[in-house]
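Q: following is a predicted model, sequence given first.
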Amino acid sequence: MTASRSRRGGARLAPMLAALLLAACSQSAAAQQATQQATEATDRPQLQSETTVIDGPAPGAPTATTVAPAPVPGRAEGILAELSLEEKVGQLLMPVLAGRDPAQVSSEDQKTNRTATGLNVPAEIVANYHLGGVIYLAKNIGTADQVDLLSAGLQQAARADSGVGLLVAVDQEGGRVNRITDGVTVFPSAEVLSGDAAAVREAGYLTGRQVSDLGINVVLAPVADVTQPDIESFISNRSYGTDPQIVSQMVTASVDGLQDSGVAAAVKHWPGHGGTDVDSHLELPVLDISRQAWDQRERIPFQAAIEHRVSIVLVGHLAIPSLDPSGSPATVSSAMIDGLLRTELGFDGVVMTDALNMGAVEGIDPGLLVVQAVQSGVDILLVPPDLGVAYRALKTAVERGEISPERLDQSVLRILRLKERLGQL
């Protein structure tokens, strides 16, 4: 990120942030007016084919939501037809790579990369595995300029390999879940902002603009989980609250803000993680509720996000027996992904797993885990614990017919269409 770009962003962000934080804390009419003025004063490039909320309606007119025209038909399909099996498999993988530089990393980071991939540095891993994406964790992040250079180097490696750019993702929810702190505004938690849709939308928009300056084009937010007042959910203040209608309003405001900024939003954690006190980083949560209760609570914010054309739905590692009597984690549940999410709710965007190195799924063989996830309807496999194992398992599964070429192409085409909207083709 250049110094001039940093200064330009900082000059604009100060009044916006003041208005936003005041709106979040006081909910006063004056604060909301300041936030709106900051919003209207900002130049906003749009994410093609995503929902756009039209600011400044005529007096007395309702606020309108319009959808931009779809990309030129055939571009993503044409690229798909040119990709090899190996390149298609790589598009499904979004690992975390050790190091803060695309080509020069510490000996410790080299060892970490070599253990999981057989290669030493991030750029060569991107090229050799034909990766479709990467996610940044804290160990990848130092200064804003460093992140910008890392993103540029990894994109260069991807384009030199297949001509297709990367999805570069980060958890940047606000509150206690923020990977990047240098050169960006760290916003309050969902719980603090809840109830003020204008503040939530502006926080999403500014977050997207700031991280996109660092080469990031996917934000793993918002959290659509509905908590329960009698359960101490591990999601806690990452949720917008206990009322599914309010959570829906906040989720859609966040989705609109993020995607208006030019990044893709990933709503999480499907099919709803707020009603359990079990941390899926450690073990598999089981949400024992009726289908009717799920329809009336957990489903509502995800349905709203889909209606606002959210780009990505991130699937959590949890079991809900009323939705899938097998007790399988949602990550590998055809009933909850292909059945509910795709068929019943009509979502045809990108489905991404939560991190596959989490405790909730550690009992499943890592090769089998990625194959079953794709068979169940997943498109992107986030943080496979061993990239080499995941890559080989997927390729072998296609060669053996366990994953049909048609099924593989469905996922790759969804990913390419998203990349087209993000300007990565």
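A: Here it is on my side, so go on.

Q: and E420, which of the three is it?
A: helix (DSSP: H, G, I helix; E, B strand; the rest coil).

Q: how many other residues sit next to it?
A: 19 (other CB atoms under 10 Å). Using the backbone N, CA and C atoms, a C-beta is placed for each residue, glycine as well.

Q: go ahead and confirm it touches E77.
A: No - using CB atoms under 8 Å as the test, E420 is too far from E77 to be in contact (10.3 Å).

Q: contacting residues for L369?
A: T331, V332, L356, V361, P384 (CB atoms under 8 Å, 6 or more residues apart in numbering).

Q: would you check which pair of these lies furthest apart?
A: Greatest spatial distance among these (CB to CB): V332 and P384, at 13.3 Å.

Q: is L413 in contact with L80, as I believe?
A: Yes - if you go by CB under 8 Å, L413 and L80 touch, sitting 5.4 Å apart.

Q: helices or strands next to the helix or strand in which I125 is found in the packing?
A: Per DSSP states H and E: I125 is located in helix 122-128. Judged by 3 or more CB pairs under 8 Å, 6 or more residues apart in numbering; DSSP states H and E, helix 122-128 is in contact with helix 107-117, helix 144-162.

Q: got the contact list for the nearest residue to E402 once chain neighbours are set aside?
A: In space, and not counting its chain neighbours, E402 is closest to V371: 6.3 Å by CB to CB, 6 or more residues apart in numbering. The contact partners of V371, by CB under 8 Å, 6+ apart, come to A393, L394, A397, E402, I403.

Q: quickly find the element holding V371.
A: helix 366-375.

Q: that older thread, how about the helix holding I125: buried residues?
A: By neighbour count with 16 or more other CB atoms under 10 Å, helix 122-128 contains the buried residues P122, A123, I125, V126, A127, N128.

Q: and what of stretch 409-421?
A: Buried-residue list, stretch 409-421, by 16+ other CB under 10 Å: D409, S411, V412, L413, R414, I415, L416, R417, L418, K419, E420, R421.

Q: dump the C-alpha coordinates for it into CSV.
A: The C-alpha trace of stretch 409-421 is given here as CSV (Å, rounded to 0.1, in the frame of the first residue of the first chain):
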residue,chain,number,x,y,z
ASP,A,409,-17.0,-28.4,-12.6
GLN,A,410,-20.0,-27.1,-10.7
SER,A,411,-17.8,-25.9,-7.8
VAL,A,412,-15.1,-24.5,-10.1
LEU,A,413,-17.6,-22.6,-12.1
ARG,A,414,-19.1,-21.0,-9.0
ILE,A,415,-15.7,-19.9,-7.9
LEU,A,416,-14.8,-18.5,-11.3
ARG,A,417,-18.0,-16.6,-11.5
LEU,A,418,-17.3,-15.0,-8.1
LYS,A,419,-13.7,-14.2,-9.3
GLU,A,420,-15.1,-12.6,-12.4
ARG,A,421,-17.2,-10.3,-10.3
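
Q: can you give the distance of it from its chain's centre?
A: Taking CA atoms, centre = their mean, to the nearest Å, one finds the center of stretch 409-421 at 15 Å from the center of the full chain.

Q: any idea of the mean pLDDT in it?
A: Average pLDDT, stretch 409-421: 98.

Q: same check on stretch 327-344?
A: 97.

Q: how far does it sit from its chain's centre?
A: 18 Å.

Q: ok, now stretch 80-89?
A: Relative to the centre of its chain, stretch 80-89 is centred 23 Å away, using CA atoms, centre = their mean.

Q: stretch 285-302 now?
A: Worked out by CA atoms, centre = their mean, stretch 285-302 lies 22 Å from the chain centre.

Q: what distance separates the start and the end of that stretch?
A: 19 Å (CA to CA, to the nearest Å).

Q: give me the contacts around that stretch.
A: So stretch 285-302 is in contact with 224-226, 244-245, 247-248, 251, 267, 270-276, 278-279, 313, 317-323, 327, 341, 345, 360, going by CB under 8 Å, 6+ apart.
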